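Colleague: Here's a sequence, model it:
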Amino acid sequence: MSGKDLTGQRYGKLTVIRRAGTAEDKGRSPLWLCHCECGRDEEISQLKLPHCPSNEKRQGARWQCSVCHRGPCVQCGGPIERNTQAKTCSEFCAQERRRQVQRDHYYREVTKNPELNKERHALQAQRRELDPELKARHLDRQRERHARRQKDPTYLAWRREYYRQYYEKTLARMTPDELAAYTQRRSDASRRSAAKRKRQQALGQIIAIRKQLAGDNTDE
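Modeller: Numbering: from 1, shown residues only. Alright, predicted model coming up:
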């Protein structure tokens with residue numbers, strides 16, 4: 001390897017600062033500490049620096065630091081600090097990128113076939129009807145998800161806001177006659193619910209009294 005001093009030389013965005021030792025490779029090529037325009041310092045092998053015409057044509061010649069060479073994250077646009085061939089800066093961005101790709105594929109399929117969701121749900125329902133164990137697992141997952149959501153304040157707040165906006169839009173589209181009929185239905189439903197609660201409370205009191213009397217008879 002050439003003993004040429006590259007200190008102060010500039011290659012693309014890189015400026016060589018000083019010698020930084022020897023690389024642990026077969027050729028024992030010199031390492032040079034280089035400063036990139038982005039502000040990062042990096043040790044780069046002399047084999048990768050385009051200090052001669054043969055190195056300029058070499059595949060993998062470095063004209064910038066490894067972070068700039070990887071480019072921005074395709075998901076958030078931030079720098080990719082980790083040493084990876086992926087186009088994302090973190091595992092979180094990688095997951096979000098996979099979800100985005102899946103969403104894009106789903107939207108393309110729905111555009112081609114607007115009945116896609118109905119067909120999928122019908123097929124899944126048919127499979128559950130043919131397989132009782134699959135149906136039981138599906139119901140268990142639904143119950144677990146419902147119980148988990150009922151304890152999530154973020155989901156509960158989102159649901160309240162969603163239904164508030166939905167009712168506002170629904171009422172805004174109604175004619176006066178439809179609004180009067182809707183109000184009457186809501187009033188009737190409220191009265192039925194109140195009557196049902198009263199019956200349940202009365203039934204609970206009767207059951208409690210019967211249990212108490214049964215306990216007194218047992219003591220005697």
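Colleague: what's the following helix or strand after the host helix or strand of R108?
Modeller: Assigned by DSSP states H and E, R108 belongs to helix 91-112. As assigned by DSSP H and E, the chain's next helix or strand after helix 91-112 is helix 116-130.
Colleague: which residues of this protein fall in helices?
Modeller: Taking DSSP state H as the test, the helices found in the chain are 53-56, 66-70, 91-112, 116-130, 132-150, 153-173, 176-219.
Colleague: Tell me which of the ones you listed sits most buried.
Modeller: Highest mean neighbour count of the helices of the chain: helix 66-70, a mean of 17 (counted as mean count of other Cβ atoms under 10 Å). Any C-beta I mention is one placed from the backbone N, CA and C, and that applies to glycine too.
Colleague: contacting residues around that helix?
Modeller: By Cβ atoms under 8 Å, 6 or more residues apart in numbering, the list of residues contacting helix 66-70 from outside reads 13, 36-38, 40, 42, 62, 79-81, 83-84, 87.
Colleague: The residues you listed in strands, which ones?
Modeller: Counted as lying in strands by DSSP state E, out of the contacts of helix 66-70, are 36, 42.
Colleague: Would you mind writing the PyMOL command to select the buried ones in the contacts of helix 66-70?
Modeller: Selection of the buried residues among the contacts of helix 66-70 in PyMOL, burial being defined by 16 or more other Cβ atoms under 10 Å:
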select buried, resi 13+36+40+42+62+79+80
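Colleague: which one of the contacts of helix 66-70 is nearest S187?
Modeller: K87 (58.1 Å; Cβ to Cβ).
Colleague: Hmm, C73 and that closest one touching each other?
Modeller: Yes - K87 lies in contact with C73 (Cβ atoms under 8 Å); the separation is 6.9 Å.
Colleague: Tell me the residues that contact both of the two, please.
Modeller: Residues touching both K87 and C73 by Cβ under 8 Å, 6+ apart: I80.
Colleague: what's the span of stretch 77-92, first residue to last?
Modeller: The first and last residues of stretch 77-92 sit 13 Å apart, counting by Cα to Cα, to the nearest Å.
Colleague: Please state the offset of it from the chain centre?
Modeller: Between the mean C-alpha location of stretch 77-92 and the chain-wide mean there is a distance of 16 Å, by Cα atoms, centre = their mean, to the nearest Å.
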